[in-house]
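[1] I'll drop the sequence and a predicted model, then ask my questions.
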Amino acid sequence: VVLPPMLQGLAMRHARGADAHGREYVEVTWGLGARLRVLEAHGPRGSWAHGLADGLLLQWSVRTGLADAAEVAVDVESAGQWFGGGHFMRQLWPLNHATWELGPHFPFDNGPTGLNTLVSPQFVTSTGLLLMADPDTPYLHLGMNTPKAWPERRWGVGVQNLARSYLPLAKHDVVGGQDACCGNLRLQARDGYDLDGVHHPLKDWRPDLSVDSEEAASLDDGDQGPLGARGAGAASPAGAGLRGSPPDPEQERGWMRLDVAMCACSDVRTATETALRTMELPQRVPDLSVIHDPIWTTWARYHSQVDQAKVLKYAGEIQERGLARSVMEIDDRWQTRYGDIEFDAKKFPDPRAMVDELHAMGFHVTLWVMPFAEKSSATYKEGSKEGYFVRTVGKKGTPSTKPGMFRWWNAPKVAALDVTNPEAVAWFVSKLKALQEKYGVDGFKFDAGEPCFLPQRFATLRPLVHPSDYTRLYVSEVAGQFEGGVSEVRTGHRTQGVGVLTRMGDRFSTWGVDNGLQSIIPTLLTSSILGYPFCLPDMIGGNAYFGRRPDEELMVRWTQASALMPSLQFSIPPWDLSEQAAEMCAKALEYRARILGHLSELAEASMDALEPIARPMWWLDPLDEETFHIHDQFALGDDVIVAPVVNQGATSRDVYLTEGTWQELMRPENVFRGGQWLQAFDAPLDCIPCFRRVPDAAA
């Protein structure tokens with residue numbers, strides 16, 4: 001623990017005791033300014049630490065005003081290679097290579113420190129260390145190998161951040177190199193989001209900001225509706241705040257408190273399995289059609305120029321080519337105004353006939369939605385009268401009577417659904433289900449949900465303990481009403497138990513690890529070890545932003561990298577590039593067809609323990625040091641190894657096979673002994689290096 005300078009030199013006092021749950025602890029205090037409690041790393045049922053074993057829980061508290069934060073720092077290199085933390089704009093694997101600047105830890109859309117749409121303060125290391133922080137810690141900040149100095153950074157939302165640096169930087173990119181970095185994983189509980197040099201939309205937000213109306217006071221645990229139906233996050237401090245329970249007394253008395261669990265496991269796989277035991281299990285698996293066959297989306301091909309004729313033309317091309325298909329996702333802008341949950345009658349003159357025709361072609365149909373409404377929309381006019389949107393609180397603490405408007409990645413400004421209001425959630429969900437009933441739509445692509453897409457100093461009907469509570473409630477209470485189907489989300493906070501696809505954030509149509517092709521395998525693996533097995537990679541070939549579309553090589557290699565992931569989606573059709581690209585992408589899908597049964601089994605099994613579908617190479621042999629640095633291969637279950645080419649111009653690559661006997665998936669006569677590298681393995685543009693384990697008896 002990091003002791004504030006003014007407390008250094010004070011005599012330490014030791015004591016023993018037991019907490020409210022009967023757990024014995026050892027306590028060390030430094031005057032009245034700091035306290036460290038150490039107890040067994042096993043939390044009560046329903047808590048974030050329930051299910052942990054073989055470790056200690058540190059409860060480190062510092063009085064506000066004595067320091068900027070209650071901080072725990074862990075040496076990085078002595079613990080081995082690190083994995084976890086969340087999605088980043090530059091997804092480095094392992095994290096040891098990164099200089100993760102200190103900053104707030106909540107879901108963002110290219111935010112401070114490079115954080116993206118899915119985060120969790122959970123880490124495992126190659127030596128078997130599991131480190132987890134309470135994910136609902138007020139004002140939680142994290143950093144790793146933090147530079148001793150970094151430039152002042154200002155972050156907005158959406159396109160405002162496209163000109164910013166894509167973080168985290170690699171250590172060799174920092175002036176002074178490794179010597180200029182602290183060498184620690186830093187975890188902090190602070191007294192606010194106001195951190196020098198880091199500017200972002202929630203900098204002035206506090207958890208005590210709420211509408212504080214008689215209506216909010218009248219809502220209790222007996223209320224019906226989506227919030228109560230799933231327990232309002234009953235296991236978490238955030239859920240307790242929503243139910244009106246008082247905050248931690250230490251917070252009331254002006255303390256900053258950080259709870260960190262550290263478990264010494266036998267290896268990195270065991271550490272990951274231990275972490276997964278703390279999480280809620282999904283009760284339903286997404287519809288297996290989206291596990292078996294590609295999703296096709298209109299976004300990157302048409303962007304906002306989509307209409308009924310284009311959708312049917314696109315679907316017809318897919319059908320004519322005999323390509324596998326599960327969903328046709330109709331993206332921005334199928335509605336007239338943002339927030340209107342109704343088709344634009346000019347662009348879609350007969351939505352029911354369109355949906356019926358798509359069904360006849362073998363597609364499910366989903367629509368892009370987000371929890372926003374622009375002022376001119378019918379949804380805004382209806383919801384604002386009822387108080388269904390998030391408001392703002394002025395500097396004097398007075399809540400606005402009108403919804404708070406804010407910028408997002410499109411124009412105009414919008415208001416956000418108040419997901420802490422059960423009536424607002426029920427109203428919004430009822431509109432979506434009415435759309436399904438009217439037109440036969442099968443599900444939705446739930447976009448946004450990150451707390452950065454809220455007004456500054458936002459105020460909800462019930463106060464949020466942590467900004468990520470907005471994300472949790474959006475996923476569990478809104479998208480969760482459609483679990484087990486073909487719907488998807490792109491964000492999450494303690495939502496592993498919601499049975500929907502969790503999509504990666506938007507990718508660029510580039511090769512690099514900075515949000516291009518080379519980022520998708522590390523991002524997939526990070527999703528897996530954080531407890532999100534139903535990972536949907538972003539669109540093959542990227543989003544064609546900045547007027548940059550993928551060329552033939554990038555499109556083919558991206559298809560190959562995605563072809564054996566838990567799910568996949570196309571938008572830019574390969575035949576728009578060339579017939580040769582179309583043929584090679586179709587060939588990549590033949591690899592997937594060979595293992596569909598295996599994918600189905602893995603998806604069904606993931607409900608039992610959140611065991612990943614796509615696994616890091618170290619999952620197969622967690623004591624094999626060769627596996628710890630492999631960032632461009634993955635395993636499907638324990639019996640398939642996938643090693644796609646992700647470097648521009650390459651027609652071969654080194655492939656690592658763990659112990660055992662392996663055969664090529666498409667050429668089973670080629671058999672290899674594992675525990676070795678296959679140097680310069682031949683991988684022409686139409687080939688995916690992919691291997692299936694040979695049972696010992698057969699070998």
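    Received it, and whenever you're ready, just let me know what you need.

[2] can we go C-alpha only for contacts and neighbour counts from here?
    Will do.

[3] now Val65: how far from Trp255?
    Not Val; residue 65 is Gly. 9 Å (CA to CA, to the nearest Å).

[4] and these two? Which one has more around it.
    Trp255 (24 against 12; other CA atoms under 10 Å).

[5] got a list of what the more buried one touches?
    Shown in contact with Trp255 (CA atoms under 8 Å, 6 or more residues apart in numbering): 61-64.

[6] where does the prediction get shaky in this protein?
    Where the chain drops to pLDDT under 70, the residues are 209-253, 697-699.

[7] what's the lengthiest helix in it packed up against?
    Among all segments of the chain classified by DSSP state H, the helix with the greatest residue count is helix 422-439. Applying 3 or more CA pairs under 8 Å, 6 or more residues apart in numbering; DSSP states H and E, we find helix 422-439 packed against helix 226-229, helix 351-360.

[8] other SSEs contacting whatever helix or strand comes next after the longest one?
    In this case it means helix 351-360. Using DSSP states H and E, the helix or strand that directly follows helix 351-360 along the chain is strand 364-369. For strand 364-369, the packing partners by 3+ CA pairs under 8 Å, 6+ apart come out as strand 327-330, helix 351-360, strand 443-446.

[9] partner strands of strand 364-369 and their direction?
    strand 327-330 (parallel), strand 443-446 (parallel) (DSSP bridges).

[10] ok now the last one, how far from the chain's centre?
    In this case it means strand 443-446. Relative to its chain's centre, strand 443-446 lies at 16 Å (CA atoms, centre = their mean, to the nearest Å).

[11] same question for the first one.
    Taking CA atoms, centre = their mean, the mean C-alpha location of strand 327-330 is offset from the chain mean by 22 Å.

[12] about what we covered before: so which of the helices and strands packed on helix 422-439 is nearest Ile341?
    Ile341 lies closest to helix 351-360 among these, at 12.8 Å (CA to CA).

[13] got the angle for the closest one vs strand 364-369?
    130 degrees (axes from the mean of the first three to the mean of the last three CA atoms, to 10 degrees).

[14] only alpha carbons, please: show helix 351-360 as CSV.
    What follows is helix 351-360 as a C-alpha-only set of coordinates in CSV (Å, rounded to 0.1, in the frame of the first residue of the first chain):
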residue,chain,number,x,y,z
PRO,A,351,-41.2,-2.7,-43.4
ARG,A,352,-43.4,-5.7,-42.7
ALA,A,353,-43.0,-7.0,-46.3
MET,A,354,-39.3,-6.4,-46.1
VAL,A,355,-38.9,-8.3,-42.9
ASP,A,356,-41.1,-11.2,-44.3
GLU,A,357,-38.9,-11.4,-47.4
LEU,A,358,-35.7,-11.4,-45.3
HIS,A,359,-37.1,-14.2,-43.2
ALA,A,360,-37.9,-16.1,-46.3
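
[15] hmm, back to that, PyMOL command for the buried members of the contacts of Trp255?
    Selection of buried members from these for PyMOL, criterion 16 or more other CA atoms under 10 Å:
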select buried, resi 61+62+63+64
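
[16] which of the contacts of Trp255 lies closest to Asp682?
    Ser61 (56.3 Å).

[17] roughly how far apart are that closest one and Asp194?
    Counting by CA to CA - Ser61 and Asp194 are separated by 19 Å.

[18] same check, this time on Ala605
    With CA to CA as the criterion, Ala605 and Asp194 are 44 Å apart.

[19] number of nearby residues for Asn670?
    11.

[20] tell me how far it lies from Phe546.
    From Asn670 to Phe546 the distance is 43 Å (CA to CA).

[21] please name the nearest non-neighbouring residue to Cys690.
    Val642 (4.6 Å; CA to CA, 6 or more residues apart in numbering).

[22] who's in contact with that neighbour?
    Applying CA under 8 Å, 6+ apart, the residues near Val642 are 564, 633-636, 688-691.

[23] restricted to strands, list those residues.
    634-636, 690-691 (DSSP state E).

[24] who wins for neighbours among those?
    Phe634 (27 neighbours).

[25] identify the bridge partners of it.
    Going by DSSP bridges, Phe634 forms beta bridges with Val642.

[26] so who does it touch?
    521, 525, 614-617, 641-643.

[27] can you list the buried residues in the longest helix of the chain?
    422-426, 428-429, 431-433, 435-436, 439.

[28] packed most tightly, which of the strands paired with strand 364-369 would that be?
    strand 327-330 (a mean of 26; mean count of other CA atoms under 10 Å).

[29] so Leu564 versus His598, what's the distance?
    11 Å.

[30] what about the two, which has more around it?
    Leu564 (28 against 15).

[31] what's the end-to-end length of stretch 411-425?
    Using CA to CA, the two ends of stretch 411-425 sit 24 Å apart.

[32] try stretch 37-47
    18 Å.

[33] on the three-state scheme, Ala603 is what?
    Here Ala603 is helix, with the state taken from DSSP: H, G, I helix; E, B strand; the rest coil.

[34] in contact with it, which residues?
    Counting by CA under 8 Å, 6+ apart, the residues that Ala603 touches are 285, 291, 533-534, 613.

[35] and it, how far from Ala593?
    From Ala603 to Ala593 the distance is 16 Å (CA to CA).

[36] secondary structure element holding Lys385?
    helix 378-386.

[37] before we move on, back to that, out of the contacts of Phe634, who has the most neighbours?
    Ala614 (31 neighbours).

[38] dump the residue contacts of the nearest residue in space to it that is not next to it in sequence.
    Once flanking residues are discounted, Ala614 sits nearest to Leu636: 4.8 Å by CA to CA, 6+ apart. Each residue near Leu636 by CA under 8 Å, 6+ apart is listed here: 564-565, 599, 613-615, 642.

[39] wait, isn't Thr137 in contact with Leu258?
    Yes - using CA atoms under 8 Å, Thr137 makes contact with Leu258 at a distance of 6.6 Å.

[40] and which of the ones in strands among the contacts of Val642 is nearest to Gly499?
    Nearest member of the ones in strands among the contacts of Val642 to Gly499, counting by CA to CA, is Leu636, at 19.6 Å.

[41] spit out the contact partners of Thr29.
    12-14, 35-36.

[42] coming back round to it: okay, Thr137 and Leu258: which has more neighbours?
    Shown here are Thr137 and Leu258; by other CA under 10 Å, Leu258 has more neighbours (27 against 21).

[43] next, the closest residue in space to Thr125 that isn't next to it in sequence: phi, psi?
    With CA to CA, 6+ apart as the criterion, Thr125 has its nearest non-adjacent residue at 4.5 Å, and that residue is Trp82. Main-chain torsions, Trp82, degrees, to the nearest 10: phi -110, psi 140.
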